[in-house]
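Student: structure for the following, please:
(one chain, ligands or ions: 2)
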Amino acid sequence: MHISKGVKDAPSVNPRFHTEKRNSHSVTELAKSIVEGNRTALAQGITLIESNAIGDQKDARALLNKLMPHTGKSFRIGVTGVPGVGKSTFLETYGSALLKSDETAHLAVLAVDPSSEVSKGSILGDKTRMTELGKHNRAFIRPSASGGNLGGIAKKTREVLLLCESAGFNYIFIETVGVGQSETLVSKLVDCFLFLAMPGTGDELQGLKKGIMEMADVIAVNKSEPPHTPAGERSALSIRSALQLFTNKAFDWHPPVLLTSGLTGYGLDELDVAFDRYQRHSLAKGWFDQKRKEQQAYWFENSVREGVFELLRKDEDWQQQHEKLSVEVAEGRLNPFEASEKLVKSLKGKI
Ligand SMILES: Nc1nc2c(ncn2[C@@H]2O[C@H](COP(=O)(O)OP(=O)(O)O)[C@@H](O)[C@H]2O)c(=O)[nH]1
Ligand SMILES: [Mg+2]
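Tutor: Ligands and ions are numbered 1, 2, ... in the order given. As a prediction, this is how the structure comes out:
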């Protein structure tokens with residue numbers, strides 16, 4: 001990985017003999033170019049973050065460390081809802097309008113995709129739905145990091161988000177591309193969680209079951225442009241009454257349930273007001289910062305767990321024991337709790 005490629009004034013030392021020097025210098029250059037808003041550098045930085053090569057991971061950490069002081073200054077919004085509800089179409093319309101009305105807006109759209117098999121198709125579909133945004137010089141669209149488990153993908157998405165912030169993007173939208181547990185992880189990445197519901201499909205109730213609505217800060221029944229507005233209103237009504245059971249009292253916030261259409265722009269002004277209200281409210285109450293602190297703590301714990309597991313995976317004894325016990329558990333010869341206790345006890349003296 002030659003991260004100096006394309007970065008101005010990169011040193012031309014022989015990498016074989018000066019690897020450390022070359023890397024630290026190039027990482028510094030790369031960080032500088034990213035902060036200056038250089039798109040090529042941003043793309044290179046993201047490639048570095050997404051790489052699984054050990055050397056690259058070291059450089060990626062160094063890069064993030066350098067960029068940390070430039071992060072945190074965006075409004076991070078998660079957009080979720082079942083595939084086909086209109087997330088990409090909404091982002092295209094809402095994003096384009098935002099860029100038009102606010103000349104200081106720099107907008108990035110990132111994706112979290114738990115269904116890696118389907119991802120290629122979904123991303124292609126999304127790209128064709130965000131053509132306006134894709135062409136705009138103040139917008140940046142980035143498909144989900146591929147490979148690894150959902151937790152790993154979300155972690156990389158968080159790092160890409162930080163990179164985008166340091167490159168000057170002040171609105172960052174994270175779209176979930178697939179279905180599954182991604183919503184929970186997205187809620188660990190964003191300040192505001194928008195849930196798009198489909199009118200008249202009963203999926204508002206599915207959402208409730210999954211607890212997604214508990215996480216939602218703003219809810220919009222999408223595809224509610226005329227003549228579908230009455231159906232949208234009916235859904236909104238049932239969501240509002242269901243929500244009464246779930247309101248997060250600690251945060252003193254009742255998620256508004258709006259009617260929108262990404263296709264025609266119907267209701268997007270109201271949504272704008274809702275985002276604004278939410279942002280002001282959460283800043284004023286101090287839970288904007290509180291949430292971010294909790295998220296930092298979450299990613300720390302998450303990283304520690306991953307790191308420890310990574311170490312264990314390299315220990316052959318432990319790996320063998322782990323495999324043996326998991327077979328016994330699967331075959332019903334050992335109960336899972338007893339097995340895990342055995343495995344954990346076997347670590348004594350090792351760590
Ligand atoms: N009637 C209507 N159709 C929409 C709306 N938004 C998206 N669609 C259509 O729904 C389909 C899925 O949209 P897409 O944005 O890809 O959904 P995503 O999977 O949630 O990203 C496409 O055929 C869109 O044209 C809307 O607000 N109203
Ligand atoms: Mg989409």
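
Student: how many neighbours does T28 have?
Tutor: T28 has 14 neighbours, counted by other CB atoms under 10 Å. Using the backbone N, CA and C atoms, a C-beta is placed for each residue, glycine as well.

Student: and the one 3 residues further on, by the same measure?
Tutor: Residues within reach of A31, counting by other CB under 10 Å, total 23.

Student: ditto for the one 5 residues further on
Tutor: Counted by other CB under 10 Å, the residues lying close to E36 total 12.

Student: which parts of the stretch 251-351 of the chain are helices?
Tutor: Ranges of helices in the stretch 251-351 of the chain, per DSSP state H, counting those that start in this stretch, are 268-285, 287-313, 316-330, 336-345.

Student: what helix or strand is L91 located in?
Tutor: Following DSSP states H and E, the helix or strand that holds L91 is helix 87-101.

Student: is that helix up against ligand 1 anywhere?
Tutor: Yes. Helix 87-101 is in contact with ligand 1 by CB under 6 Å from any ligand atom, via 87-89.

Student: so how far is the next helix or strand after that helix off the chain centroid?
Tutor: Moving toward the C-terminus from helix 87-101, the next helix or strand (DSSP H and E) is strand 107-112. Mean-position distance between strand 107-112 and its chain equals 8 Å (CA atoms, centre = their mean, to the nearest Å).

Student: and strand 107-112, C-alpha only, in PDB?
Tutor: Below are the C-alpha coordinates for strand 107-112, written out as PDB (Å, rounded to 0.1, in the frame of the first residue of the first chain):
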ATOM      1  CA  LEU A 107     -22.700  16.100   2.800                       C
ATOM      2  CA  ALA A 108     -21.500  12.500   2.900                       C
ATOM      3  CA  VAL A 109     -23.600   9.400   2.600                       C
ATOM      4  CA  LEU A 110     -22.200   6.200   3.900                       C
ATOM      5  CA  ALA A 111     -23.800   2.800   3.900                       C
ATOM      6  CA  VAL A 112     -23.900   0.000   6.500                       C
END
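
Student: which other residues reach the helix or strand that contains A242?
Tutor: Using DSSP H and E, A242 falls within helix 229-243. Applying CB atoms under 8 Å, 6 or more residues apart in numbering, the contact partners of helix 229-243 are 197-200, 204-205, 208, 213, 219, 221, 223-224, 254-255, 257-259, 266.

Student: and the residue of this protein nearest ligand 1?
Tutor: G86 (2.8 Å; CB to the nearest ligand atom).

Student: my read: that residue touches K223, true?
Tutor: Yes. Using CB atoms under 8 Å, G86 is in contact with K223, at 5.8 Å.

Student: picking up where we left off before, average pLDDT for the helix holding A242?
Tutor: Regarding helix 229-243, the rounded mean pLDDT is 89.

Student: burial measure for the residue of the chain closest to ligand 1, as a count.
Tutor: G86 has 22 neighbouring residues, counting by other CB under 10 Å.

Student: G349 now?
Tutor: If you count neighbours by other CB under 10 Å, G349 ends up with 5.

Student: same question for F300.
Tutor: F300 is flanked by 10 other residues according to other CB under 10 Å.

Student: can you list the residues of the chain near ligand 1?
Tutor: Applying CB under 6 Å from any ligand atom, we find that the chain lies next to ligand 1 at 81, 83-89, 125, 129, 222-223, 225, 261-263.

Student: D252 versus the residue in the chain that ligand 2 sits nearest to, what's the distance?
Tutor: In the chain, the residue that lies nearest ligand 2 is S88 (3.4 Å; CB to the ion). Look at S88 and D252: by CB to CB, to the nearest Å, they are 33 Å apart.

Student: which one's more surrounded, the two?
Tutor: Using other CB under 10 Å as the criterion, S88 and D252 rank with S88 on top: 26 against 10.

Student: where do the domain boundaries of this structure fall?
Tutor: 19-69, 71-285, 293-345 (automatic domain parsing).
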